[in-house]
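A.B. asks: Sequence and predicted structure are below.
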Amino acid sequence: MDLDYTPEDLEFRRAARAWLAANVPTEPRPAEVQAGAAFDKAWQRRLYDGGWAGVNWPKEYGGLGLNGVRTLIWWEECERARAPGYERFTIALTHAGPTIITRGTEEHKAAYLENILKGETIWCQGFSEPGAGSDLAALKTRGEIDGDYLVVNGQKTWTSGAATAEFQELLIRTEPGSERHKGLTWIICDMSTPGITVQPISTMMGESDINATFYDNVRIPLKNVVGEVGGGWSVAMSTLAFERGNTFLRDQISMAGKVERAIELARKTVTADGNRAIEDKEIARKLADLKADAMGLRAMAIMNVSNIDRKGQPGPEGSMVKLLVSQVNKQLMEVVADLSGQPFLDYDGTRHSNEWTFDHMWSWVLTIAGGATEIQKEIIADRVLNLPRSR
């Protein structure tokens, strides 16, 4: 791809920068679950009204249909303006919506896509279970066909945003006696359906927006199945490709900004010997390595969006992005923790009390969320490098 910006690209950057400067909220996102969801809905609606919702969604489904370069430009400007992220719209915008666009029926598209872009419906993911997290094919939540419905029983866990979500992308086992990848079904679940119980799980960050979700004879219309009954594994792989190809794109872009803020912290921090931390050769080396890593991640982002432009949807290369974002972020947070000293421990349970501390704790979560590090390595070995499977 041509790495030079066209005059039209530069004009797009100017327009994005101007709109963000005038519209990015000045108040922080509230920590309380319901208030945080309301903040996210308001921001998504502001994006929609301003003509900036679904930047990489196809135009025929309400998006801007931007190519990879302009999507990168948009996220660079969002990072520069410190604009809110997807937050509770992560699932809806980066994989549920794209999955419906590529695998859903016209009825599904008409019923769900516009409401996502307008900020009216939050989605959550019902994939992981207590015994089936990274090993998704081990899931046991079952669905039995009863007339025009699937009756669902079981449990999901780590369902971020379930308490405020209107809908869920739900993966269940619908073929009795089936194992592993066979007999699964991807279905749209209305979270207001009777029989659904959501229980919050408190995290070490002080948040309670992650949940355990229980299903007790939950009746979901068969028309909500995306793909075919029993064909859910293929649809789920599309969902996970979108998740790893789209969800971590801003994380890639944000890494450069985080590194620059860490360098500035090192310039301001005075060590015990009275010198600036940046003058310490070992600290300077670590920060230089991290800056190089951030530049490498941006190069990978360019490669990734170029591949998506050519192929139409993300491929397994997204696992390389996920793996490296997790690793670099964790290394960065360790350097920042060493730089910060005692103030790093000042944390009242909200990300805004100490953003570095929140990011440090989140760096551990990121090695598991969206697919554990070990699983990403397996995918890279199997689907990118075509290495033989271990016995």
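C.D. replies: Now that the structure is in, tell me what you want to look at. Residues are numbered from 1 along each chain as shown.
A.B. asks: Mind jotting down where the strands sit in the stretch 101-250 of the chain?
C.D. replies: Per DSSP state E, counting those that start in this stretch, the stretch 101-250 of the chain carries strands over the ranges 123-126, 142-146, 149-157, 167-173, 184-190, 196-201, 210-221, 225-226.
A.B. asks: which residues are in contact with the first one?
C.D. replies: Taking contacts as CB atoms under 8 Å, 6 or more residues apart in numbering, the residues outside strand 123-126 that touch it are 89, 91-92, 95-97, 116, 141, 156, 159-162, 165-171, 189, 191, 213. Placement of C-beta: from N, CA and C, glycine included.
A.B. asks: in this structure, what secondary structure element scores lowest on mean pLDDT?
C.D. replies: The helix or strand of the chain with the poorest confidence is helix 373-379; it has a mean of 68 (mean pLDDT, DSSP states H and E).
A.B. asks: list the contacts for Ile263?
C.D. replies: Ile263 touches 278, 287, 291, counting by CB under 8 Å, 6+ apart.
A.B. asks: try 7 Å this time
C.D. replies: Ile263 makes contacts with Leu287, as judged by CB atoms under 7 Å, 6 or more residues apart in numbering.
A.B. asks: From Arg82, how far off is it?
C.D. replies: 17 Å (CB to CB, to the nearest Å).
A.B. asks: can I assume Trp43 is in contact with Pro84?
C.D. replies: Yes. With contact defined as CB atoms under 7 Å, Trp43 reaches Pro84; the gap is 4.9 Å.
A.B. asks: what's around the nearest residue to Trp158 once chain neighbours are set aside, how many residues?
C.D. replies: Excluding its sequence neighbours, the residue lying closest to Trp158 (CB to CB, 6 or more residues apart in numbering) is Ser128, at 4.9 Å. When neighbours are defined as other CB atoms under 10 Å, Ser128 has 19 of them.
A.B. asks: Check Pro221 too.
C.D. replies: Pro221: 14 surrounding residues under other CB under 10 Å.
A.B. asks: From Asp148, how far off is it?
C.D. replies: Pro221 is 6 Å from Asp148, by CB to CB.
A.B. asks: Same check on Glu334?
C.D. replies: 54 Å.
A.B. asks: Which one's more surrounded, those two?
C.D. replies: Using other CB under 10 Å, the more surrounded residue of Glu334 and Asp148 is Glu334, with 13 against 9.
A.B. asks: quick one: common contacting residues for Trp43 and Pro84?
C.D. replies: With CB under 7 Å, 6+ apart, Trp43 and Pro84 have common neighbours Pro25.
A.B. asks: Confirm that Gly85 lies within a strand, as I assumed.
C.D. replies: No. Under DSSP: H, G, I helix; E, B strand; the rest coil, Gly85 falls outside any strand and is assigned coil.
A.B. asks: Now do Thr271: how many residues are near it, please.
C.D. replies: 15.
A.B. asks: One more: Gly104?
C.D. replies: Taking other CB under 10 Å as the definition, Gly104 ends up with a neighbour count of 24.
A.B. asks: confidence score at it?
C.D. replies: Gly104 carries a pLDDT value of 92.
A.B. asks: Quick one: residues contacting it.
C.D. replies: Counted by CB under 7 Å, 6+ apart, Gly104 has contacts Val226.
A.B. asks: any idea how far it lies from Met300?
C.D. replies: 29 Å.
A.B. asks: domains for this protein, by residue range?
C.D. replies: Domains of the chain are assigned by automatic domain parsing as 7-117, 123-232, 248-384.
A.B. asks: Let's see the distance spanning the second one from one end to the other.
C.D. replies: With CA to CA, to the nearest Å as the measure, the ends of domain 123-232 fall 18 Å from one another.
A.B. asks: Renumber starting at 45 from here on
C.D. replies: In the new numbering, first residue 45, that becomes domain 167-276.
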